[in-house]
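K.L.:
Sequence unavailable; structure follows:
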């Protein structure tokens, strides 16, 4: 079955698991890339340490700050690379939140309701993060900065995979020379 078109125009396949609640408690490994994988966040890696640009410093500050803007979240391990961000975002709603049973006015359409990111979902959290960094860039003479339109996520389901992913993130700067996101012919 093919996906219906949004407003009769677009058909973009989602990379998310169908019927999975991305606002549910969980651990999520995310990768967010700059548009065209341009080195906006760092000037490279020296002795296993990323040399962050001013944009990279803001990207790091705002990533650490995610829990102050998204309830029931915390950031586990993360790294800002020259052209992408790796991190583990945890959604933990350990306290019950009451939901209103009041019916809202009819939305634009049932379809819009189904495809819109849910409040406090991973997509909403990442969209807000990307938006905050972009807004800072636009206000600080870095209008050329842009993110790749989507982001990669992996739901962390097994305890033993958490440590493996943490090690991958921690060791990422040391493996920069072999990284597929570090094309040798990319002009900086």
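P.N.:
Nice, I can see it. Predicted model, so just to flag it, every value in this text is computed and none were measured.
K.L.:
CA only for contacts and neighbour counts going forward, please
P.N.:
OK.
K.L.:
A strand includes residue 20, no?
P.N.:
No. With DSSP: H, G, I helix; E, B strand; the rest coil as the criterion, residue 20 is located in coil rather than a strand.
K.L.:
how deep is residue 47 tucked in, by neighbour count?
P.N.:
By other C-alpha atoms under 10 Å, the residues close to residue 47 number 8.
K.L.:
Would you mind giving both backbone torsions of it?
P.N.:
Taking degrees, to the nearest 10, you get phi 50, psi 40 for the backbone angles of residue 47.
K.L.:
same deal with residue 25?
P.N.:
phi -50, psi 140.
K.L.:
Please name the residues that touch it.
P.N.:
By C-alpha atoms under 8 Å, 6 or more residues apart in numbering, the residues touching residue 25 are 90, 91, 92, 93.
K.L.:
Let's see which of those end up in helices.
P.N.:
With helices taken from DSSP state H, there is no overlap with those.
K.L.:
From those, list the buried ones, please.
P.N.:
Buried members of the contacts of residue 25, scored by 16 or more other C-alpha atoms under 10 Å, are 90, 91.
K.L.:
all strands of the chain, in order?
P.N.:
Per DSSP state E, the chain carries strands over the ranges 26-33, 42-46, 49-52, 73-80, 84-91, 152-156.
K.L.:
Please name every helix or strand in contact with the shortest one.
P.N.:
In this structure, strand 49-52 makes packing contacts with strand 42-46, judged by 3 or more C-alpha pairs under 8 Å, 6 or more residues apart in numbering; DSSP states H and E.
K.L.:
make it 10 Å
P.N.:
The contact analysis (3 or more C-alpha pairs under 10 Å, 6 or more residues apart in numbering; DSSP states H and E) places strand 49-52 against strand 42-46, helix 54-64, strand 73-80.
K.L.:
Tell me which residues are up against the second one.
P.N.:
Under the contact criterion C-alpha atoms under 10 Å, 6 or more residues apart in numbering, helix 54-64 has outside partners 39-43, 50-53, 65, 68-69, 74-85, 87, 89, 126, 129-130, 132-134, 136-137, 140, 142, 145.
K.L.:
Off-centre distance for it?
P.N.:
Distance of helix 54-64 from its chain centroid, counting by C-alpha atoms, centre = their mean, to the nearest Å, is 13 Å.
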